[in-house]
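[1] Quick one, fold the following:
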Amino acid sequence: MKELERAREELSSPTLVRNLLDLLIPYWGRACQLMEKYEDTLPIGKPADDIIEWHNFATEVAKARSIAEDYLEKDKVDDDRRDMRQNSGALYHFNLPKWELPKFDGDVLQFETFWEQFEDQIYRQSELRDTTKSTYLRSCLTGNELNAIDGLDVTAANYSAAIEILKSRFGRRDLIIQTHIRKLLDATPCNDASLKMSRKFYDEVVSHIRVLEALGKNSSSPELTASEVLSEIFKLKVHVSTRKKWETLIFFEPSKASNLEAFLRFLEDIIRVEESVSMDDHKLSSNVTFIRRKSPPRNRLPSVAALHAETRSFEGCTVCGERHRVSQCPKFLADSTQDRWKIAKRENLCFRCLQRGHKGNRCPETKRCDHPSCRKAHHKLLHSDKETHKVRTDETLPLKSSTEKDKGASSNRALLGRTSTEKENLLQTARAILQSDDGNQLFVTCLFDSGCQRSLIRKDLAEPLRLKGTMERLMLLRLGESHSKYEKLRCVNFRLKGNYGGEDSYPIEALCVPRITTVDANISAANWHHLHGLNLADIFPRERTETDALIGIDFYNRLLFRERIVGGIALPEAVNSPFGWIVSGNIPSNDGGRECITLLMKTENEYGEDDLRRFWDLAIIGVTDDKGAEDPSVARLMKTFEETLEYSDGRYTVKLPWKPGFPNLSNNYTHALQRLFNTEASLLKDTTKSEMYSKTLKEYMTEGIIKRVENKRGIERKTWYLLHHMVFKNDQTSTKGQIVFDASAHFGRTSLNRQLDTRPSLQRDLVRILLRFQRHRIGVQAEVSQMFLQIGLHKEDRDVTRFLWKELVIRRIRRHFVSGDSVSD
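    Coordinates of the predicted model:
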């Protein structure tokens, strides 16, 4: 062992270490054989000093072997990395070697360390393609931080964008400084005067101070001001919503980040705004009286469901007082859209969900109006459109039956509705040819919209064409939304030209978005005589289609000429463009026809759907089989259990439920021996406990629960020594004890329990047992003394339940195994 240490530390020769290790292993095997023979020759009563000395020597050998093997493994990894750098030119043809790349879980303080390692191993490797680097980058991100680049596809073009996103989010210098200051403020107080706690506190504080100094914030100089520290303290004290507003402000004005006066002025502005809004709310509440209607009486739920069902209050309809929502009220549906708005304002209903208690800007409902041309933040029943006629009162026929009276959730009603449209609108659409810088071309459908400030293009079109561009951080306010938010989008360049043979093309700059919108189908233009003979930009008729590109106001006026042709009443107009004449405006629905949609809906149910579902979920407990029984793996285990179950000599014999590929156990003899010495030292302190310990194991031996091992070596990878100890329970009259075998004790990164399958649970369903007691007149209950010790263990599995035991008055160690299923946690 000294030669191993010298070869490793002084000579630094991996080859010599490997040769010495090969010589040591056979010598150690012969020494173990001689020690076993020596143990058999020891007389009874001989002191165990030699055994303890041998155990200490075995521990030293194990340590020396472990150090040598770790040294060889580290040298192998270094050689692999050197070979990787020397042969990097073959990376295109061979698989990359397995590297332990750094992981990043979103901790801002760890980003610099992560990036330097990733930059050295992956980023600076010019032989790797950007697609491969992007794959490595994703494998290094864990948890929610992968969502930061989850929207980007794994392509070479998106690799640089992903790097910029991570750096802008986690590599900000001001954010790192703020985080270190907060860590210093949140440092764990040193409440213990011990050396360990003092050292921990010192290391924690000094590490953050050193990093701040490296970032140019020296605590002993004016670089780290009191304003920066106080700003961080005050930011931790304000509400999270206020903190978010401040972070938004300093994102555009970084100079205010550490300015205490700027932060206090910001707080003052926030307070003034809140005070102004509070005064307006107070004036409104003093002039408005809210009327609350009493809810109709509810029937009680069935007794089984009433044990666990959740009770919820329901105010009912605020329009008619019946037990339904406002959106389902026949009276509300019969009114015009204008009258519905009046009712919603009078009853203080939310314009999004038509419920009381909140306003639209605080409504949890995120769904918007379903109308294709609207999508505003109001309920679909409040949508107003000149071309959509309201449902008239005489066309909506609510029918009620006697079963609905005083039934609470029960209902039996029919609803007949009718709606019609007479006119449609035609949007400005055109078919054009999109050209990329590489010469690729594609026919696209363009929508012209002067209400959008920037032009847009679908992301799934821009990426296959490899359109080039840069990432931009923009504040977006979408149609129907009341708050804007920041997003990072790619801005690409391309050219558009008409499909009538012209050579002129026009450069366009657009933002990539996942989806734009759909445009309705076009009807035939045969009846539009004022447009005959014109080269129309779109196809007439045309099916409903997706918009590929949207031309916003930034290029709208450049692509539309001044030439216009105006039709008569309810006829579209046309404007000239490089792509042909673009047609838009009012057109007759279905070429002058009238579309009518009629709906008849009838529902009948005695109880509410939720009440019925809760009732049956509770009523079938203890009647149906457990869902886990349908698991194929559970069925396989049960089948193996039934096939291997044996009954002989008055007891059952079972096999252990091994997981697939097991057992694969290490030899933990030395570990069990050390635990035996500890158990012995503990028992010798109390004569009563030591006698009870010996008496219990002798009874196990007499009853056949444990047996002495004849073959001491055991089968390789199928031999395991259980650790055990004695558990005592004291009462007023006596002391009771029980031997507990620890099958969950780990050695060599595994344990017996980890290699056994714990499924399925064989405990009977208590509800089913109680139901059986109700079915029969007489119930029988039995209790088996030491039930688990009465179950025998198959011979193939007994070697994994070995344990060491020696009587406290005898110094010779004996090996035993548990023949019964006494393994426990």
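[2] From here on, just use CA atoms for contacts and neighbour counts.
    OK.
[3] Output the below-cut-off pLDDT ranges for the stretch 501-650 of the chain.
    Low-confidence regions of the stretch 501-650 of the chain, defined by pLDDT under 70, span residues 501-502, 588-631.
[4] Walking through it, point out its helices one by one.
    Listed in chain order, the helices of the stretch 501-650 of the chain (DSSP state H, counting those that start in this stretch) span 553-559, 609-619, 632-644.
[5] tell me the domain boundaries of this protein?
    Domains of the chain are assigned by automatic domain parsing as 2-86, 108-242, 243-287, 424-593, 646-824.
[6] And these: which comes nearest R340?
    Proximity of those to R340 was assessed by Cα to Cα; the nearest stretch is domain 424-593, lying at 19.8 Å.
[7] Select the longest strand from this protein.
    Looking across the chain with DSSP state E, the single longest strand is strand 485-497.
[8] Now it: buried residues?
    Neighbour-count burial for strand 485-497, counted by 16 or more other Cα atoms under 10 Å, picks out L489, R490, C491, V492, N493, F494, R495, L496, K497.
[9] Tell me the helices and strands packed up against that strand.
    Packing contacts for strand 485-497, counted by 3 or more Cα pairs under 8 Å, 6 or more residues apart in numbering; DSSP states H and E, involve strand 429-435, strand 469-476, strand 506-513.
[10] Tabulate the ones you listed (JSON lines), appending distance to T242 and mean neighbour count.
    Putting the helices and strands packed on strand 485-497 into JSON lines (distance: least, Cα to Cα, whole Å; neighbours: other Cα atoms under 10 Å) gives the following:
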{"stretch": "strand 429-435", "distance to T242": "44", "mean neighbour count": "22"}
{"stretch": "strand 469-476", "distance to T242": "19", "mean neighbour count": "13"}
{"stretch": "strand 506-513", "distance to T242": "31", "mean neighbour count": "19"}
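[11] The ones you listed into JSON lines, with extra columns for distance to I271?
    Formatted as JSON lines, the helices and strands packed on strand 485-497 follow (distance: least, Cα to Cα, whole Å):
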{"stretch": "strand 429-435", "distance to I271": "49"}
{"stretch": "strand 469-476", "distance to I271": "25"}
{"stretch": "strand 506-513", "distance to I271": "38"}
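[12] Quick one: residues contacting I122.
    L128, K133, Y136 (Cα atoms under 8 Å, 6 or more residues apart in numbering).
[13] right, and the second one touches Y159 too?
    Yes. With contact defined as Cα atoms under 8 Å, K133 counts as touching Y159 (7.5 Å).
[14] and the end-to-end length of stretch 330-338?
    With Cα to Cα, to the nearest Å applied, stretch 330-338 spans 16 Å between its terminal residues.
[15] Next, S327: secondary structure please.
    Counting by DSSP: H, G, I helix; E, B strand; the rest coil, the backbone at S327 sits in helix.
[16] who are the neighbours in contact with the closest residue to it other than its chain neighbours?
    Nearest residue to S327, sequence neighbours excluded (Cα to Cα, 6 or more residues apart in numbering): L354, at 7.0 Å. Counting by Cα under 8 Å, 6+ apart, L354 makes contact with V326, S327, A344, H379.
[17] where's the dip in pLDDT among the residues you listed?
    Lowest in pLDDT among the contacts of L354 is S327, which has 78.
[18] Can you report how many residues neighbour it?
    When neighbours are counted by other Cα atoms under 10 Å, S327 registers 16.
[19] and if you look at G533?
    A count of nearby residues for G533, using other Cα under 10 Å, gives 7.
[20] All the strands of the stretch 451-600 of the chain, in order from the start?
    Taking DSSP state E, counting those that start in this stretch, the strands of the stretch 451-600 of the chain run over residues 455-458, 469-476, 485-497, 506-513, 518-519, 545-546, 549-551, 564-565, 573-577, 580-588, 595-605.
[21] can you put these in JSON lines and add distance to G321?
    JSON lines is the format used below for the strands of the stretch 451-600 of the chain (distance: least, Cα to Cα, whole Å):
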{"stretch": "strand 455-458", "distance to G321": "49"}
{"stretch": "strand 469-476", "distance to G321": "42"}
{"stretch": "strand 485-497", "distance to G321": "41"}
{"stretch": "strand 506-513", "distance to G321": "46"}
{"stretch": "strand 518-519", "distance to G321": "41"}
{"stretch": "strand 545-546", "distance to G321": "45"}
{"stretch": "strand 549-551", "distance to G321": "48"}
{"stretch": "strand 564-565", "distance to G321": "55"}
{"stretch": "strand 573-577", "distance to G321": "50"}
{"stretch": "strand 580-588", "distance to G321": "42"}
{"stretch": "strand 595-605", "distance to G321": "20"}
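[22] So for L333, which of these sits nearest?
    Evaluated with Cα to Cα, the strands of the stretch 451-600 of the chain place strand 595-605 nearest to L333, the distance being 13.8 Å.
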